[in-house]
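A.B. asks: Below are the sequence and a predicted model for it; my questions follow.
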There are 2 protein chains.
Amino acid sequence: MHSRRQDAVVSILRTANYLGRFYSPVFDQHGITSQQYNVLRILRGAGLGGIPTLDIAERMIEQAPGITRLLDRLERKKLVRRERPSENRRQVLCYITKPGLDLLRELDTPVKNQDNQALHRLDESEIEELIRLLELARGEQPSTKHAPAASYQ
Amino acid sequence: MHSRRQDAVVSILRTANYLGRFYSPVFDQHGITSQQYNVLRILRGAGLGGIPTLDIAERMIEQAPGITRLLDRLERKKLVRRERPSENRRQVLCYITKPGLDLLRELDTPVKNQDNQALHRLDESEIEELIRLLELARGEQPSTKHAPAASYQ
DNA sequence: CTATAACACTTGACAGGACAACTATTGATA
DNA sequence: TATCAATAGTTGTCCTGTCAAGTGTTATAG
C-alpha cells in the first residue's frame, strides 16, 4: 500500500517547496519573483546579442506562453527590452536593460548568501551524494561534475 | 561564485518539476489535477466526520485562499460537499462525495503504478539515503521511519 | 451586556505554469 | 510563383499559489 519510494517523491516535492519559500524573501524585497530573477540572469548571460524568447523558455524548462507574459511584466518594469529584428521578423530578441543589470547586481550578494545558507545541514560529500541521487531520480546519467546552470533554477 | 550547494538546490527544483510532469498524465486522464487529487485523498482520510477547510490547507502546506477556490472547483464537479454546521458556524466542514470516492478508487491503481515506476533507477538503500538527505535539507531531524503522508504531496 | 479580539474563512488582484488555438514570417516545393 | 509547411510567438482560458483586505461568527474582558 504505502511505499518508501512514494515517501521519497513526497519528500522531493516538499523540499522544493521549502526551498522556494527560503529564497522568496530576497526577491520579494526587490519587487521581483524568483522566475523573473531567473530570466534576468539568463538575459545577463546572453550579453549584448540578446536572446530569442523561446530560447529563454528552453533554459527555464517552461512553456512559451508563460515566458511571453513574464517578459511583458519585466518590460513594464523597464528591466527588459524587446525588439523584432528586420533580418528575421519571426523572432523577438530580448535584452536586459541598465536598470535590469543594476537590480541583478543588488541581488548578487543576498542571493549568494541564501545559496550558502541553503542546505547548510549537509556537508560536502552529502551534497555530492544528493546531486547524484537526484540525477538518477530524473533518469539522467550521473555526472561527476556539472556544467553550471544558467541560474538557481 | 558557483557552488555545488547551489547545484543541489537547482537539482531539487528540477527534480520536483520532473516528478510533477511524470504524474500529471494520470490525473489529466481523469479530469482532475494533482492538487485536487491530494485534497480528495485528505478528505477520504478524514472519513465521515468531514474536515474544516483550514485543516486541509495545513496538510497541503498551502495558503487558505487557494484551498477555498480549489474546493469550489471540486464542489462544482460534485466530488465534494461542504456545509456550515449550526454548532460552530465559523468553520466549513468538507466531505468527499460518493462520486469523489469512486474517482479515487479508479485512480488508486494507476497512481500506485506511477509510484512504483517513479525513481525506478534508485535501489532501496538509495531511496532511504535520499529521504534522509532531503530531511536534512529541510532542516528536519532525520527519522528512521516516517509516518505515512496524507498523499503523494 | 457590549465592545473587542480571535477565529475561520472568502474575495480581489496578481504572478505563474499548462494547453489549445491563432497570427505572422520565412522556407521549401511543385 | 503560388501553396503549403515549419518556425516563432501571442492570446485565451484554466488551475494554482500568494498577499492583503473584508465578512461573519464566537469567545473574552471590562
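C.D. replies: Nice, thanks for sending it over.
A.B. asks: CA atoms for contacts and neighbours, from now on please.
C.D. replies: OK.
A.B. asks: Number of residues surrounding A:A8?
C.D. replies: A total of 23 residues lie near A:A8 under the criterion other CA atoms under 10 Å in any protein chain shown.
A.B. asks: Correct me if wrong: it contacts B:L130.
C.D. replies: Yes. The criterion here is CA atoms under 8 Å, and A:A8 meets it with B:L130 at 7.0 Å.
A.B. asks: for A:R81, helix, strand, or coil?
C.D. replies: Under DSSP: H, G, I helix; E, B strand; the rest coil, A:R81 falls in the strand class.
A.B. asks: which SSE is the nearest residue to it once chain neighbours are set aside in?
C.D. replies: Nearest residue to A:R81, sequence neighbours excluded (CA to CA, 6 or more residues apart in numbering or on different chains): A:Y95, at 5.2 Å. Element membership for A:Y95 (DSSP states H and E) is strand A:93-96.
A.B. asks: List the neighbouring strands of that strand plus their orientation.
C.D. replies: If you go by DSSP bridges, strand A:93-96 pairs up with strand A:51-52 (antiparallel), strand A:80-83 (antiparallel).
A.B. asks: Out of those, which is the most enclosed?
C.D. replies: Neighbour counts (mean count of other CA atoms under 10 Å in any protein chain shown) averaged over each of the strands paired with strand A:93-96 peak at strand A:51-52, with a mean of 20.
A.B. asks: gap between stretch A:106-124 and the chain center?
C.D. replies: Relative to its parent chain, stretch A:106-124 has a centroid offset of 15 Å by CA atoms, centre = their mean, to the nearest Å.
A.B. asks: Pull out the buried residues from it.
C.D. replies: Going by neighbour count (16 or more other CA atoms under 10 Å in any protein chain shown), the buried part of stretch A:106-124 is A:107, A:111, A:114-115, A:118-122.
A.B. asks: Same question for stretch A:64-80.
C.D. replies: A:64, A:67, A:71, A:74-75, A:79-80.
A.B. asks: Can you add pLDDT and give the residues you listed back as a markdown table?
C.D. replies: Formatted as a markdown table, those follow (pLDDT from 0 to 100):
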| residue | pLDDT |
| --- | --- |
| A:A64 | 86 |
| A:I67 | 96 |
| A:L71 | 97 |
| A:L74 | 98 |
| A:E75 | 98 |
| A:L79 | 98 |
| A:V80 | 98 |
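A.B. asks: nearest to A:Q36, of those residues?
C.D. replies: Among the buried residues of stretch A:64-80, A:L74 lies closest to A:Q36 (CA to CA), at 7.2 Å.
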